[in-house]
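> Structure of the sequence below:
(one chain, ligands or ions: 1)
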Amino acid sequence: MTDSGQATPVGLVISGVTGRMGRTVARLAAADPGFRLLGGIDREGAEPVAELPEVVGLDGAARLLGEAGAVIDFSAPAFLREMLTSGVDALSGGLVVGTTGLGPEEERLLAATAERIPVLTAANFSMGVALVAALTERAAAALGDGFDIEIIEAHHRRKEDAPSGTALMLGGAAAAGRGLELDDARRDGRSGRPGARTAGEIGFHAVRGGDVVGEHQVLFIGDHERIEIVHRAGDRALFADGALRAARWLAGRTPGRYSLRDVLGI
Ligand code: NAD
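Residues are numbered from 1 along each chain as shown. A predicted model of the protein is given here:
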C-alpha cells in the first residue's frame with residue numbers, strides 16, 4: 001500500500017501488444033490506476049503503441065520482464081513458446097496467458113514456469129463464459145445420454161485456430177458432466193461419410209467470418225426437445241477487462257497454476 005492507502009499499482013508488461021487484444025489491454029490498463037504500464041513485447045521491429053513507453057522484441061525483453069509485477073500475453077503459441085524458452089527466466093511477477101491453440105509443448109513449458117512463478121491461463125476471460133461452462137457441466141450431468149451434445153462457435157475471419165479454445169473448454173465441461181474425457185469424446189466438423197453419430201461423442205463446428213468477436217452455442221439435442229445455451233461477446237474489451245482483473249489478482253501469489261475459477265472464487 002502507498003501512504004495514501006491506495007494499493008501499489010501493478011507494473012504491467014503486455015506480450016503480443018500490437019495485436020487486437022494487446023492494444024485493447026493497453027487502452028484499458030492506461031485508464032486504470034491499479035496498473036503502471038511498463039511496456040510491450042511483440043515481433044522485432046513492431047510499431048509503437050501510444051499508451052506504452054516502449055515496445056521491444058523478445059531479444060530486448062529481459063529488462064522489462066525483470067521489472068514486471070505481471071505480464072499479460074495475447075499473442076500466438078509460437079511466440080509464447082519462444083518467450084517461455086528465452087526471456088521468462090527474468091520474470092518474477094505473475095504470468096497471465098490468454099493465447100489459445102496451445103499444444104503439449106506450450107503446456108509443458110507453462111507447467112515448468114509455474115514451478116517458479118504464478119501462472120494463470122484462460123481460453124476465455126469473460127465471466128459470462130465461466131458461468132456458461134458451469135451451466136454446461138450441470139446440464140450434461142442432468143440430461144444424461146439421451147441428449148446429444150454439439151458445440152458451434154463463430155469468430156472473425158482472421159482467427160487461426162479451430163475449434164476455439166473456449167469451445168474446447170466448454171466441451172471439457174460437458175465431458176466432465178458426463179464423466180468422460182474430452183479427448184475420447186471429441187468429434188471435429190463432420191465431413192464426407194463419417195457414418196452415424198456414435199453415443200457420447202461431442203461435436204465441434206467452427207464458423208469464420210467478418211468481425212465476429214466470439215459466439216458459442218452448446219446444444220443438447222434430445223428426441224423431442226432441444227436445449228441451447230448461448231453466449232455472445234459484444235466487444236473484446238470484455239476479455240481485456242477479465243485479463244486485467246486476473247493480473248491484479250495474480251500479482252504476489254505463490255507459484256503454481258491458476259484459473260479464472262480461482263479469481264472468481266467458484
Ligand atoms: P492478433 O493476431 O491481432 O495479435 C497477435 C499478436 O501477436 C500480434 O501483435 C502479433 O504481432 C504477435 N505475434 C508475435 N509472434 C507471432 C506469431 N508467430 N504468429 C502470430 N502472431 C504473432 O490476435 P488477437 O485477436 O489479439 O488474439 C491473440 C490471441 O489471443 C489468440 O490466440 C486468440 O485466440 C486469443 N484470444 C483469447 C481471448 C481470451 O479471452 N482468452 C480472447 C480473444 C483472443
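> who's in contact with Arg190?
Gly203 (C-beta atoms under 8 Å, 6 or more residues apart in numbering). Glycine gets a C-beta too; all of them are placed from N, C-alpha and C.
> now it: how far from Ala206?
12 Å (C-beta to C-beta, to the nearest Å).
> Might you name the residue of this structure sitting closest to the ligand?
Gly19 (1.9 Å; C-beta to the nearest ligand atom).
> my guess is that residue contacts Phe74, does it?
Yes - applying C-beta atoms under 8 Å as the test, Gly19 and Phe74 come out as touching, 6.2 Å apart.
> So for those two, which sits in the more crowded spot?
Phe74 (27 against 19; other C-beta atoms under 10 Å).
> Start and end of stretch 187-204, how far apart?
Using C-alpha to C-alpha, to the nearest Å, one end of stretch 187-204 lies 6 Å from the other.
> and Ile14, which of the three is it?
Taking DSSP: H, G, I helix; E, B strand; the rest coil as the rule, one finds Ile14 in the strand state.
> What number of residues are in the vicinity of it?
Ile14, neighbours per other C-beta under 10 Å, totals 36.
> What are the contacting residues of stretch 133-143?
By C-beta under 8 Å, 6+ apart, stretch 133-143 touches 149, 169-170, 173-178, 218, 220, 222, 227, 229, 266.
> how about those residues, which pair is most distant?
Spanning the widest gap among those are Gly222 and Ile266, at 28.0 Å by C-beta to C-beta.
> distance between the ends of stretch 227-244?
Stretch 227-244: ends 33 Å apart by C-alpha to C-alpha.
> contacts for that stretch?
By C-beta under 8 Å, 6+ apart, stretch 227-244 touches 20-21, 24-25, 27-29, 32, 34-35, 72, 74, 96, 98, 122, 124-129, 132, 135-136, 139, 143, 147, 213-220, 260.
> Do a quick rundown of the strands in the stretch 101-250 of the chain.
With DSSP state E, counting those that start in this stretch as the criterion, the stretch 101-250 of the chain has strands at 118-121, 148-155, 186-188, 202-208, 215-221, 226-232.
> Can you say which of these is nearest to Pro255?
strand 118-121 (5.8 Å).
> what about that closest one, distance to the chain center?
Centroid separation between strand 118-121 and its chain, computed with C-alpha atoms, centre = their mean, to the nearest Å, is 11 Å.
> cool, and stretch 167-174?
The answer for stretch 167-174 is 13 Å, by C-alpha atoms, centre = their mean.
> what residues does it touch?
For stretch 167-174, using C-beta under 8 Å, 6+ apart, the contacting residues are 123-124, 129, 132-134, 136-137, 140, 149, 151, 153, 163, 182, 185-186, 202, 204, 206, 216, 218.
> of these, buried ones?
123-124, 129, 132-133, 136-137, 140, 149, 151, 153, 163, 182, 185-186, 202, 204, 206, 216, 218 (16 or more other C-beta atoms under 10 Å).
> just for this structure, where's the confidence low?
Scanning the chain with the threshold set as pLDDT under 70 gives 1-6, 266.
> ok, now which ones touch Gly252?
69, 94.
> quick one: it is in a strand?
No - if the criterion is three-state DSSP, then Gly252 is coil and not within a strand.
> Extract the CA atoms of stretch 60-73 and return them as PDB.
Output of stretch 60-73 as PDB, limited to C-alpha atoms (Å, rounded to 0.1, in the frame of the first residue of the first chain):
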ATOM      1  CA  GLY A  60      15.300  -6.900 -25.600                       C
ATOM      2  CA  ALA A  61      12.600  -8.200 -23.300                       C
ATOM      3  CA  ALA A  62      14.600  -9.400 -20.300                       C
ATOM      4  CA  ARG A  63      14.800  -5.900 -18.600                       C
ATOM      5  CA  LEU A  64      11.100  -5.300 -19.000                       C
ATOM      6  CA  LEU A  65      10.200  -8.800 -17.700                       C
ATOM      7  CA  GLY A  66      12.500  -8.300 -14.700                       C
ATOM      8  CA  GLU A  67      10.600  -5.200 -13.700                       C
ATOM      9  CA  ALA A  68       7.100  -6.600 -14.300                       C
ATOM     10  CA  GLY A  69       4.600  -7.400 -11.500                       C
ATOM     11  CA  ALA A  70       2.500  -9.100 -14.100                       C
ATOM     12  CA  VAL A  71       2.800 -10.000 -17.800                       C
ATOM     13  CA  ILE A  72      -0.400 -10.400 -19.900                       C
ATOM     14  CA  ASP A  73       0.100 -12.500 -23.100                       C
END
